[in-house]
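K.L.:
Got a predicted structure here, sequence first:
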Amino acid sequence: MAQQPLEFTCNTMEETLAEKVLGFLRCSERLSSNQDSTFSQNPKLILEVALQMARSDSQLKVSYLYFVEDLVAGSAPDFDVALSTFTRLESELIARLN
């Protein structure tokens, strides 16, 4: 017996990206505020450092590919495209911090 295709509603790429950026910022904020009092004094600097670390983390690409394989139906953006888009959006959000 043939299986019926699974149909589901999913977010647009933009919505998904925004959710991931906000999740990254929240995670960075939680980690930094629990470990270092300097976050509360200068969150913008700490988030910029976290973003720089993400850009240079060689394990990030492996994690992304694992994520894409397990959770994305169909074709997914290339890692470099996804990282570029993510860092551009996150940089814009960080720039808006006081």
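P.N.:
Great, that's in hand.

K.L.:
which regions of the protein sit below the pLDDT cut-off?
P.N.:
Scanning the chain for pLDDT under 70 picks out 1-2, 5-11, 28-36, 98.

K.L.:
in it, which spans are helices?
P.N.:
Using DSSP state H, the helices found in the chain span residues 13-35, 38-41, 43-56, 58-71, 79-95.

K.L.:
tell me what the shortest one is packed against?
P.N.:
Just to be clear, that refers to helix 38-41. When contacts are defined as 3 or more C-beta pairs under 8 Å, 6 or more residues apart in numbering; DSSP states H and E, helix 38-41 packs onto helix 13-35, helix 43-56. No exception for glycine: its C-beta is placed from N, CA and C like everyone else's.

K.L.:
closest one to Val72 among those?
P.N.:
Closest approach to Val72 among those is made by helix 13-35 (9.3 Å; C-beta to C-beta).

K.L.:
circling back: Gln3: which of the helices of the chain is closest?
P.N.:
The closest of these to Gln3 is helix 58-71. By C-beta to C-beta, the value is 19.2 Å.

K.L.:
Show the contacting residues for Asp78.
P.N.:
With contacts taken as C-beta atoms under 8 Å, 6 or more residues apart in numbering, Asp78 has no neighbouring residues.

K.L.:
That one and Glu90: what is the separation?
P.N.:
Distance of Asp78 to Glu90, given as C-beta to C-beta, to the nearest Å: 18 Å.

K.L.:
same question, Lys20
P.N.:
As defined by C-beta to C-beta, Lys20 lies at a distance of 9 Å from Glu90.

K.L.:
so how far is Leu97 from Ile46?
P.N.:
Distance from Ile46 to Leu97, counting by C-beta to C-beta: 10 Å.

K.L.:
More neighbours: which of these two?
P.N.:
For Ile46 versus Leu97, neighbours defined as other C-beta atoms under 10 Å are more numerous around Ile46 (21 against 12).
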